[in-house]
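Dropping a prediction and its sequence here:
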Amino acid sequence: MADNFIARWQKSTYSMGAGNCVELARLPSGDVAVRDSKDPGGPVLRFSASEWRAFLSGVKKDSSGA
């Protein structure tokens, strides 16, 4: 990431310490960065705020069985 700040990465509360999860960081621009917790120096996916909202909406919709 090219941003000049320290990202505050957060693990999912569903990870239960197993280490097999993703981490996300909210960026000052409003974007969201996502990475593999097992490879913190590896690639990062970056989503705009609207893309992230659409993703979360889809996950919530799918998990509700709708």
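Sure thing, it's come through.

ok, now which ones touch Thr33?
That one is not Thr; residue 33 is Ala. Met1, Ala7, Leu24, Ala25, Leu27, Val44, Leu45, Arg46, Phe47 (Cβ atoms under 8 Å, 6 or more residues apart in numbering). The C-beta positions use only the backbone N, C-alpha and C, and glycine is treated the same way.

Mind doing that once more with 7 Å?
When contacts are counted by Cβ atoms under 7 Å, 6 or more residues apart in numbering, Ala33 touches Met1, Ala7, Leu24, Ala25, Leu27, Val44, Arg46.

And these, which is closest to Met16?
Leu24 (16.9 Å; Cβ to Cβ).

What's the local residue count around that closest one?
Applying other Cβ atoms under 10 Å, we find 19 residues neighbouring Leu24.

Tell me the confidence at it?
Confidence at Leu24, expressed as pLDDT, is 93.

Could you do the one 3 residues further on as well?
Per-residue pLDDT puts Leu27 at 93.

What subset of the contacts of Ala33 is buried?
The neighbour count (16 or more other Cβ atoms under 10 Å) marks Ala7, Leu24, Ala25, Leu27, Val44, Arg46 as buried among those.
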